[in-house]
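Student: output the structure for:
(2 chains)
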Amino acid sequence: RKEVEQDPGPFNVPEGATVAFNCTYSNSASQSFFWYRQDCRKEPKLLMSVYSSGNEDGRFTAQLNRASQYISLLIRDSKLSDSATYLCVVGMNTGFQKLVFGTGTRLLVSP
Amino acid sequence: ETGVTQTPRHLVMGMTNKKSLKCEQHLGHNAMYWYKQSAKKPLELMFVYNFKEQTENNSVPSRFSPECPNSSHLFLHLHTLQPEDSALYLCASKDRGHEKLFFGSGTQLSVL
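Tutor: Numbers count the residues shown, from 1 in each chain, chains lettered A, B, ... in the order given. Got it, this is the predicted structure:
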């Protein structure tokens, strides 16, 4: 079983749509959770951290379910500029914080 | 501009060549990382350096040799690579106690 598992997509949605991605992780001792965004041929960039109580940043909402070991990302009112690959990342706080990346979910927002 | 600079951006090398990838961070971070990203695979952690000391070697073949002369610079020396080593090599840095990982733009490596 992969340590971090994501549906690779692509998810094709029209502008203005709401889209949700899920991610599951296998290590129950994982302590930190993130969503990174990666544009084509570019480096990953932190989109948002994911907290136990859930958190929101503008159109983006992240949720964590520790019991079921999954993380979700909800994007409301999709923009063309949201087209990218979204990487689910899980961390073990081992001092330097070892991060394990999922393969990513590709999102394509069309006009 | 993320504050992490990688050179070169692209590299094509033969299997008998020796080359080096360079990474420099201007953020004052104390941890630096090398990741490998192959097509359709997740980012794989290769090496971690904390305060210039290597703290993680993720079973990387010896044909990849990292060097960290100081906390701002990180190198990846390449020797007798295989075609399957072709990938995007990403450098990243982080401040201890902070969550955010800052990536460089990567070196797209092709081994012929």
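Student: run through chain A and note the low-pLDDT ranges.
Tutor: The model of chain A has pLDDT under 70 over residues A:93-97.
Student: residues from chain A in reach of chain B?
Tutor: A:2, A:4, A:8, A:32, A:34, A:41-46, A:49, A:87, A:91, A:95-104 (Cβ under 8 Å from any Cβ of the partner chain). Just so you know, the C-beta spots here come from the backbone N, C-alpha and C atoms, and that holds for glycine as well.
Student: buried only: go through those for me.
Tutor: A:4, A:34, A:43-46, A:49, A:87, A:91, A:96-104 (16 or more other Cβ atoms under 10 Å in any protein chain shown).
Student: which of these fall within strands?
Tutor: A:4, A:34, A:44-46, A:49, A:87, A:91, A:98-101 (DSSP state E).
Student: and the strands in chain B?
Tutor: Using DSSP E, strands in chain B cover B:4-7, B:10-13, B:18-25, B:31-37, B:44-50, B:53-57, B:64-70, B:73-79, B:87-94, B:102-103, B:107-111.
Student: for A:Gly16, find the nearest of the ones you listed.
Tutor: strand B:102-103 (30.4 Å; Cβ to Cβ).
Student: how about the residues of chain B by chain A?
Tutor: B:2, B:31, B:40-43, B:45, B:48, B:50, B:55-56, B:90, B:94, B:96, B:99-101, B:103-106, B:108.
Student: how close does the nearest residue to A:Gly54 once chain neighbours are set aside sit to A:Val90?
Tutor: Leaving aside its sequence neighbours, A:Gly54 sits nearest to A:Gln63 (Cβ to Cβ, 6 or more residues apart in numbering or on different chains; 4.6 Å). A:Gln63 sits 14 Å away from A:Val90, going by Cβ to Cβ, to the nearest Å.
Student: same check, this time on A:Lys2
Tutor: 11 Å.
Student: beta-bridge partners for the residue nearest to A:Gly54, please?
Tutor: A:Ser72 (DSSP bridges).
Student: doesn't A:Met48 make contact with it?
Tutor: No - at 11.2 Å, A:Gln63 does not count as touching A:Met48 under the criterion of Cβ atoms under 8 Å.
Student: ok, back up a step: go through the ones in strands among the buried ones among the residues of chain A next to chain B and say which is closest to chain B.
Tutor: Nearest to chain B among these, counting by Cβ to the nearest Cβ, is A:Phe101 at 4.0 Å.
Student: all helices for chain A, in order.
Tutor: Counting by DSSP state H, chain A forms no helices at all.
Student: what sits against residue 8?
Tutor: In the absence of a named chain, chain A is used. When contacts are counted by Cβ atoms under 8 Å, 6 or more residues apart in numbering or on different chains, A:Pro8 touches A:103-106, B:40.
Student: looking at chain B here, not the other one
Tutor: B:21, B:107.
Student: fine, thanks again, bye for now.
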